[in-house]
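> here is a sequence together with a model predicted from it:
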Amino acid sequence: MKFIELKNVNKVYKNGVTALADVSISIDKGEFVFVIGLTASGKSTFIKMLYREEKPTKGTVMVGGLNVGKIRNRKVYKLRRKIGIVFQDFKLLPKLTVYENVAFALECVGMKDKDIRPKVINALERVGLKDKVRSFPGELSGGEQQRVCIARAIVNEPKLLICDEPTGNLDPKTSKEIMNVIEGINSDLGTTIIMATHDKDIVNRMKKRVLLIEHGVLAGDFAKGSYKTNESV
């Protein structure tokens, strides 16, 4: 069984817009996959389906053996505990320290303080911020804030890390540093990475598998290292 599998997935919103049309995708555990496409191509809908922000109108979305579309609303939290999500706009709590922002993800699932600390320190060390535990988000650079977000996303050791335009607000140098962190999580921990991006330089440089979505259709599925473009993605 594939770790992630979409079979003949359609998504039609209430306003009549078709976001995805007959999309079928299989992703193995431990893969690193870029999802690219122009604005309104359907890639954000695809990403949201993986963590059950959206449900398919037709077809099946399987993640880690779970039929995501059939999970009841009150049970969605159980899926999301197994998934880390990194957004473009950080979503950090400004009045909490770096340590507290990362620890908050574990406090929400009822973990005891004595178990939280080593996990938080390990996650912050993984992203290179062990010396920033007492800092507040407003005292950090954009790149450092995104590192905190990544630490928060991986602190519970998820099997899947979803990154939705994680470098969208960062300069090229910082973007490269963030991608090195994410690639390390994939290679060192075996975490499956699904990343939506518009950054063609990152896609070209990293040579991972690429899914191209255009007008709601899977327009291309490029094997690792086979995709190259000079155009905007």
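Received, thanks. Bear in mind that the values here come from a model prediction, so they are computed numbers and not experimental data.

> in the protein, where is pLDDT below threshold?
For the chain, the stretches with pLDDT under 70 are 230-233.

> host element of residue 205?
helix 200-206 (DSSP states H and E).

> next structured bit after that helix?
Next element after helix 200-206 (DSSP H and E): strand 209-214.

> check which residues of that following strand are buried.
209-213 (16 or more other Cβ atoms under 10 Å). C-beta here means a position set from N, CA and C on the backbone, and glycine is covered the same way.

> send the alpha carbons of that strand over as CSV?
Provided in CSV are the C-alpha atoms of strand 209-214 (Å, rounded to 0.1, in the frame of the first residue of the first chain):
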residue,chain,number,x,y,z
ARG,A,209,10.0,14.3,-7.9
VAL,A,210,7.6,17.0,-9.2
LEU,A,211,3.8,17.0,-9.6
LEU,A,212,2.6,19.6,-12.0
ILE,A,213,-1.1,20.6,-11.6
GLU,A,214,-2.7,22.7,-14.2
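
> quick one: contacts of that strand?
Applying Cβ atoms under 8 Å, 6 or more residues apart in numbering, the contact partners of strand 209-214 are 20, 23, 25, 31-38, 41-43, 46, 203, 218-224, 226-227, 233.

> same check on stretch 197-207?
Here stretch 197-207 has contacts from 32, 34-36, 163, 165-168, 172, 175-176, 179, 183, 210, 224-225, 227-233, using Cβ under 8 Å, 6+ apart.

> swap in stretch 127-134?
So stretch 127-134 is contacted by 97-99, 120-121, 124, 140, 144, 147-148, 150-151, 181 (Cβ under 8 Å, 6+ apart).

> looking at the residues you listed, which has the most residues close by?
Compared across the contacts of stretch 127-134, residue 151 has the highest neighbour count, 30 neighbours, by other Cβ atoms under 10 Å.

> report the contact partners of that one.
So residue 151 contacts 102, 120, 123-124, 126-127, 129 (Cβ under 8 Å, 6+ apart).

> and the nearest residue to it once chain neighbours are set aside, how many residues sit next to it?
Among residues not flanking residue 151 along the chain, residue 123 sits closest, at 4.1 Å (Cβ to Cβ, 6 or more residues apart in numbering). The number of residues packed near residue 123 is 27, by other Cβ under 10 Å.

> please, which helix or strand holds residue 123?
helix 113-126.

> and what of residue 175?
Taking DSSP H and E as the criterion, residue 175 maps to helix 172-189.

> and the residue most central in space within the chain, bridged to which residues?
The residue lying closest to the centre of the chain (Cα atoms, centre = their mean) is residue 162, at 1.4 Å. Bridge pairing for residue 162 (DSSP bridges) gives the partners residue 85, residue 194.

> I'd say it and residue 50 touch.
Yes. The criterion here is Cβ atoms under 8 Å, and residue 162 meets it with residue 50 at 5.9 Å.

> which residues do those two both contact?
83, 194.

> show me where the protein has its strands.
Applying DSSP state E to the chain gives strands spanning 4-12, 18-27, 32-36, 58-63, 66-67, 83-86, 160-164, 192-196, 209-214, 217-222.

> can you give the strand pairings for the fifth one, parallel or anti for each?
Paired strands of strand 66-67, with direction, are strand 58-63 (antiparallel) (DSSP bridges).

> any buried residues in the strand it pairs with, and which?
For strand 58-63, by 16+ other Cβ under 10 Å, it's 59, 61-63.

> what's the answer for stretch 166-184, then?
For stretch 166-184, by 16+ other Cβ under 10 Å, it's 166-167, 170, 174-179, 181-182.
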